[in-house]
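[1] I need the structure of the sequence given here:
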Amino acid sequence: MNIPNLSIASLKEKIENFSIKSLLFPLFGILAFVLLWQVGASRVHTSLGEFPGPAVVYEQWGGLVAEHSNERLKEEKFYERQEKRIEARQAKDPSYVGKLRAYTGKPTFFDQIFTSLYTVLAGFGLASLIAIPLGILIGLNSSVYSALNPVIQIFKPVSPLAWLPLVTMVVSASYVSDDPMFSKSFLTSMFTVTLCCMWPTLINTAVGVAAVEKDLLNVSKVLRLGWVTHVMKIVIPSAIPLMFTGLRLSLGIAWMVLIAAEMLAQNPGLGKFVWDEFQNGSSNSLGRIMVAVLMIGFIGFLLDRAMLTVQRFVSWDKTQVLR
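    Here you go, the predicted structure:
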């Protein structure tokens, strides 16, 4: 089978354009970090023993994976036993309607990861829904900016540790239901994340909207675009770079805030996992905490890369260098 010369040339060009340093430099950085980590860990001794090095952390990772598999197996057997009991009861009494009880086993490390991801995305999503429209309004109207800027500057630096007690009390007092859709711990963490992470998106969106080029504004006036069309066709596309800068900053802050909130309030998630292991004080605790630290960082990296991918997809300027 003959392959067109054009395809071969295109393939060669792609291979040549792929720089080896884009692979070697990150690999070199990771290896250097692991080496320094191993050397440094062997020199640090704590009340729980030697600080965990890469080999110990890898061992604990395997243990956490095994625990998760065992817990899922227990859950499967739990539901199988219930189904058998219900079938046996229905064999004697066909009118009997059985009800499966929910499994209440201990959340595993991976369950905590899912809980934290679900919570941070919910809090970040709510923050974005508030910050982007408000940022556009502030950027378009100097009077609104003058009115809201003092409020923004006051609440922007407030620590999540200060917000958490207030949010906890408000949620406990206002969210009262016999059959709640969401748990109070989830709402507490979500609203705390929202209050702390919305400001970078709000400010960067406002700056991006206010910085739209005058030529584009003049084009909008000449074409007599309506307000909504002006915002959708002129303002938002021009503000996307700064808007996504704010979104990426907000998502990073949201992830950091959530871990701190989970540790302080003992809400389900990776933060609670870290605190529980610290309080446990076993010989495996330091290794497990280090696994959680690396996982927190890796998830934060993936979230940032995901946001960068979305930015590349929606940005009108495909030649812009994004990192």
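
[2] So the closest residue in space to residue 314 that isn't next to it in sequence versus residue 133, what's the distance?
    Among residues not flanking residue 314 along the chain, residue 240 sits closest, at 6.4 Å (CB to CB, 6 or more residues apart in numbering). Using the backbone N, CA and C atoms, a C-beta is placed for each residue, glycine as well. Applying CB to CB, to the nearest Å, the value for residue 240 to residue 133 is 15 Å.

[3] Now do the strands in this structure.
    Applying DSSP state E to the chain gives strands spanning 45-46, 49-50.

[4] Against residue 55, how distant is residue 75?
    From residue 75 to residue 55 the distance is 31 Å (CB to CB).

[5] Neighbour count: residue 240 and residue 133, which is higher?
    Neighbour tally, residue 240 and residue 133, criterion other CB atoms under 10 Å: the higher count belongs to residue 240, 19 against 13.

[6] For residue 315, see how far away the more buried one is.
    5 Å.

[7] Show the contacting residues for residue 152.
    199, 202, 203 (CB atoms under 8 Å, 6 or more residues apart in numbering).

[8] By neighbours, which of the residues you listed wins?
    Result: residue 202 is most packed of the contacts of residue 152 (other CB under 10 Å), 25 neighbours.

[9] quick one: contacts for it?
    Per CB under 8 Å, 6+ apart, neighbours of residue 202: 130, 131, 134, 135, 138, 152, 246.

[10] most remote residue from the protein's center?
    residue 92 (50.6 Å; CA atoms, centre = their mean).

[11] With distance to residue 311 and pLDDT added, can I get the contacts of residue 152 in a markdown table?
    Converted to a markdown table, these look like this (distance: CB to CB, whole Å; pLDDT from 0 to 100):
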| residue | distance to residue 311 | pLDDT |
| --- | --- | --- |
| 199 | 19 | 96 |
| 202 | 18 | 96 |
| 203 | 17 | 95 |
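
[12] What segments of this protein are helices?
    Assigned helices in the chain, in chain order: 5-17, 21-41, 54-92, 109-140, 142-155, 160-174, 184-210, 214-223, 227-230, 236-265, 270-280, 285-314 (criterion: DSSP state H).

[13] what's the pLDDT at the nearest residue to residue 289 once chain neighbours are set aside?
    In space, and not counting its chain neighbours, residue 289 is closest to residue 277: 5.1 Å by CB to CB, 6+ apart. Predicted confidence (pLDDT) for residue 277: 91.

[14] Enumerate every residue touching residue 277.
    285, 288, 289, 292.

[15] and with 6 Å instead?
    285, 288, 289 (CB atoms under 6 Å, 6 or more residues apart in numbering).

[16] now residue 144
    137, 138.

[17] rewinding a little: need the strands of the chain in JSON lines with mean pLDDT and mean neighbour count, can you?
    Output for those, formatted as JSON lines (pLDDT from 0 to 100; neighbours: other CB atoms under 10 Å):
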{"stretch": "strand 45-46", "mean pLDDT": "82", "mean neighbour count": "10"}
{"stretch": "strand 49-50", "mean pLDDT": "81", "mean neighbour count": "13"}
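
[18] out of these, nearest to residue 172?
    strand 45-46 (37.1 Å; CB to CB).

[19] In terms of secondary structure, what does the closest one contact?
    With contacts taken as 3 or more CB pairs under 6 Å, 6 or more residues apart in numbering; DSSP states H and E, strand 45-46 sits against no other helix or strand.

[20] coming back round to it: now, of the contacts of residue 202, which are buried?
    Among the contacts of residue 202, those buried by neighbour count (16 or more other CB atoms under 10 Å) are 131, 134, 135, 138, 152, 246.

[21] how much space between residue 238 and residue 210?
    Distance, residue 238 to residue 210, by CB to CB: 10 Å.

[22] that older thread, possible to save the contacts of residue 277 as TSV with neighbour count and pLDDT?
    Output for the contacts of residue 277, formatted as TSV (neighbours: other CB atoms under 10 Å; pLDDT from 0 to 100):
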residue	neighbour count	pLDDT
285	19	89
288	24	94
289	21	94
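
[23] buried sites along stretch 203-215?
    Within stretch 203-215, the residues scored as buried using 16+ other CB under 10 Å are 203, 204, 205, 206, 207, 208, 209, 210, 212.

[24] which one among those residues gets closest to residue 156?
    Using CB to CB, the buried residues of stretch 203-215 come closest to residue 156 at residue 203, 7.7 Å.

[25] Which residue, neighbours along the chain excluded, lies closest to that closest one?
    With CB to CB, 6+ apart, the residue lying closest to residue 203 is residue 246, at 6.5 Å.
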